[in-house]
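S.K.: Sharing a model prediction with you, sequence too.
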Amino acid sequence: MFPDCPGPIDTRNFSAHGLSIRKIDKGPDIYHLYMTSHGAREAIEVFEVDAFLKPEITWIGCVPMPATSWTNSVVVLDDGGFLATRFYDPARDDIADVLAGDKTGQVFEWHPGGEVTEIPGTALAGANGIVVSGDERWMFVSSYGTGEVVRFDRRVTPPAKDVIPVGILPDNIRWTPQGTLYAAGNNTTDFCGKPPCEGGWGIVEIDPDTLAATRIAAVAEDSALQDPSVALRVNDEIWVGSFNSDRLAILPAPRSIKSDGR
């Protein structure tokens with residue numbers, strides 16, 4: 001499945017970044033975990049996770065990514081392939097280019113036995129979080145530098161797109177049990193021109209059909225957690241991670257903007 005992988009991950013020199021997990025038909029609570037990783041190599045590292053009783057994790061392969069990519073997020077596809085975002089080219093771009101709205105990245109696609117290819121028409125200012133719909137038609141990608149989430153239709157080439165302004169610098173995107181999307185990020189304000197963003201942060205819920213975006217949380221700049229990277233619905237709570245804090249935040253979840261499930 002991974003013929004181009006040069007060998008096992010160097011556990012002394014890697015940096016775990018984006019994650020995507022999918023259950024496989026191998027036994028109870030067996031999953032494949034895909035991880036974007038930097039360090040000794042730029043690659044999507046793949047693990048098998050046995051979460052039955054005592055969790056165990058085993059490295060099973062990798063897909064090397066282009067040297068021009070600082071790969072951010074990844075989502076696993078039904079055939080074991082993936083979609084992954086390039087935030088920027090670390091040899092050419094920096095965060096200032098992203099926040100200036102320059103198109104520094106795009107989306108890659110890979111399928112078992114194939115090569116990593118760029119998807120035409122997906123260039124964005126700091127392509128960040130990514131998810132796909134259940135039928136894999138729709139792809140939602142964060143454009144970090146422009147404060148937008150973009151919906152792409154994968155049934156046409158290049159993918160048709162719709163842009164959703166969200167009023168934050170959206171990092172990761174996650175599905176909720178109600179079939180909506182959560183995006184978390186620092187506020188886009190006049191005094192938020194460069195990181196670290198000093199203007200507080202928020203969470204936005206997006207209806208994937210109507211593309212309506214509703215802010216469901218606003219957190220002040222003196223909160224104990226800043227620089228949010230992801231918001232995940234867990235029962236009646238929202239769990240929030242950060243790319244720059246040493247803790248999680250847990251908020252009460254409001255009623256979803258969409259009542260029917262996915």
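M.R.: Structure received.
S.K.: Residues touching stretch 16-25, excluding its own?
M.R.: Around stretch 16-25, the neighbours that count as contacts under CB atoms under 8 Å, 6 or more residues apart in numbering are 29-38, 48-49, 71-76, 82, 84-85, 129, 172. (C-beta placed from N, C-alpha, C; glycine too.)
S.K.: Make a PyMOL selection of the buried ones in those residues.
M.R.: Buried residues within those, as defined by 16 or more other CB atoms under 10 Å, are selected in PyMOL through the command that follows:
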select buried, resi 31+32+33+34+35+36+37+38+48+49+71+72+73+74+75+76+82+84+85+129+172
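S.K.: Show only the entries of the contacts of stretch 16-25 found in strands.
M.R.: Cross-referencing those against strands under DSSP state E gives 30-38, 48-49, 71-76, 82, 84-85, 129, 172.
S.K.: Which parts of this structure are helices?
M.R.: Here the chain has its helices, by DSSP state H, at 95-99.
S.K.: any low-confidence regions in it?
M.R.: Residues of the chain meeting the criterion pLDDT under 70: 189-198, 259-262.
S.K.: For it, list the residue farthest from the centre, please.
M.R.: When each C-alpha in the chain is compared with the mean C-alpha position (CA atoms, centre = their mean), Leu53 comes out farthest, at 28.5 Å.
S.K.: what's the distance between it and Leu33?
M.R.: Taking CB to CB, to the nearest Å as the criterion, Leu53 is separated from Leu33 by 18 Å.
S.K.: Let me see the contact set for the spatially closest residue to Gly61 that is not a sequence neighbour.
M.R.: Take Gly61 and drop its neighbours on the chain: the residue closest to it by CB to CB, 6 or more residues apart in numbering is Phe2, 3.4 Å away. Phe2 sits next to Val46, Ile60, Gly61, Cys62, Val63, Pro112 when contact means CB under 8 Å, 6+ apart.
S.K.: Just the buried ones among these, please.
M.R.: Of the contacts of Phe2, these count as buried by 16+ other CB under 10 Å: Val46, Gly61, Cys62, Val63.
S.K.: what's near enough to touch the first one?
M.R.: With contact taken as CB under 8 Å, 6+ apart, Val46 is in contact with Phe2, His32, Leu33, Tyr34, Met35, Trp59, Ile60, Gly61, Cys62, Val63.
S.K.: Also the third one?
M.R.: With contacts defined as CB under 8 Å, 6+ apart, Cys62 is in contact with Phe2, Cys5, Pro6, Ile9, Arg41, Ala43, Ile44, Glu45, Val46.
S.K.: quick one: it from Val116, how far?
M.R.: Relative to Val116, Cys62 is positioned 11 Å away (CB to CB).
S.K.: Mind putting the buried ones among the contacts of Phe2 into CSV with distance to Ser242?
M.R.: Listed next are the buried ones among the contacts of Phe2 as CSV, based on distance: CB to CB, whole Å:
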residue, distance to Ser242
Val46, 26
Gly61, 30
Cys62, 27
Val63, 28
